[in-house]
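**Q** quick one: sequence and predicted model below, then my questions.
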Amino acid sequence: MAYHIMDWMKKAYENTKTCVLPDSYAYVLFNWIYNVLQDDARRCDAFMGLAMASIRTCVLKFPVRSRTAASVSFGWKNCLIALLFSSIFSLAYLLAQQIVLVDYTEFEECYEQFPNETFFEVYTTMPSTLAELNGFLYFKLYMVLNAIFSKIIPAVLFPILTILLIVELRKIEESRNRMFSNSNQNK
């Protein structure tokens, strides 16, 4: 969320200036790292949601065997595994791009502020040489695996786990109603 605020502030500041310089190397690097971290957090969110849904279902389905699944250390281990698995994809995304110097651009309107310099470096992110190998095979493989693990599998498993959780909750409710029925309370 902070990135959007910073980007808005940068644009608002640039609107007040007559001389708007291209993004610096540090800003492009920050933007690149931010995109990688945002990608990691988005994917990790889906993985942790799946882990939470599966743990809830297992704890209800196997209450006697699920003491370890209900412990705090088990939750921390699950979070760490989800973060590490997600970070593997983010590292692959990081390796697929690089920051390059595109051009030197002349800004004549900036001559008053910078009389000795009218040419400024322009940086951007582009696909890395690793991503470009074999007709972008690395990048295509990353996109396919990312789509499968980050989009398709969670989209399929969330409804399945939800249905299983609802079924288990109904079974528990039925057994509780049978246990507290009038005939059982008399016994």
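**A** That came in fine, so what should we check first? Remember, it's a predicted structure, so these values are computed and weren't measured experimentally.

**Q** name whatever forms a beta bridge with the nearest residue to residue 29 once chain neighbours are set aside.
**A** Spatial nearest neighbour of residue 29, chain neighbours left out: residue 99 (6.1 Å); criterion: C-beta to C-beta, 6 or more residues apart in numbering. For every residue, glycine as well, the C-beta is placed using N, CA and C. Residue 99 has these beta-bridge partners by DSSP bridges: residue 125.

**Q** my guess is residue 99 meets residue 125, correct?
**A** Yes: counting by C-beta atoms under 8 Å, residue 99 does reach residue 125; the two are 5.6 Å apart.

**Q** so what sits against both of those two?
**A** 28, 32 (C-beta atoms under 8 Å, 6 or more residues apart in numbering).

**Q** what residues are up against the residue nearest to residue 29?
**A** 25, 28-29, 32, 123-125.

**Q** who wins for most neighbours among the residues you listed?
**A** residue 123 (20 neighbours; other C-beta atoms under 10 Å).

**Q** look at it and report its pLDDT.
**A** On pLDDT, residue 123 comes in at 87.

**Q** could you find the closest non-adjacent residue to it?
**A** Among residues not flanking residue 123 along the chain, residue 28 sits closest, at 4.4 Å (C-beta to C-beta, 6+ apart).

**Q** again with residue 92
**A** Spatial nearest neighbour of residue 92, excluding adjacent residues (C-beta to C-beta, 6+ apart): residue 142 at 5.0 Å.

**Q** with residue 14 instead?
**A** Nearest residue to residue 14, sequence neighbours excluded (C-beta to C-beta, 6+ apart): residue 20, at 4.7 Å.

**Q** that neighbour: what secondary structure?
**A** coil (DSSP: H, G, I helix; E, B strand; the rest coil).

**Q** which residues touch the residue most central in space within the chain?
**A** Taking C-alpha atoms, centre = their mean as the criterion, residue 42 is the residue nearest the geometric centre of the chain, at 2.2 Å. By C-beta under 8 Å, 6+ apart, residue 42 lies in contact with residue 150.

**Q** just to revisit the earlier point, next, the residue nearest to residue 123: phi, psi?
**A** Torsion angles at residue 28 (phi, psi; degrees, to the nearest 10) stand at phi -70, psi -40.
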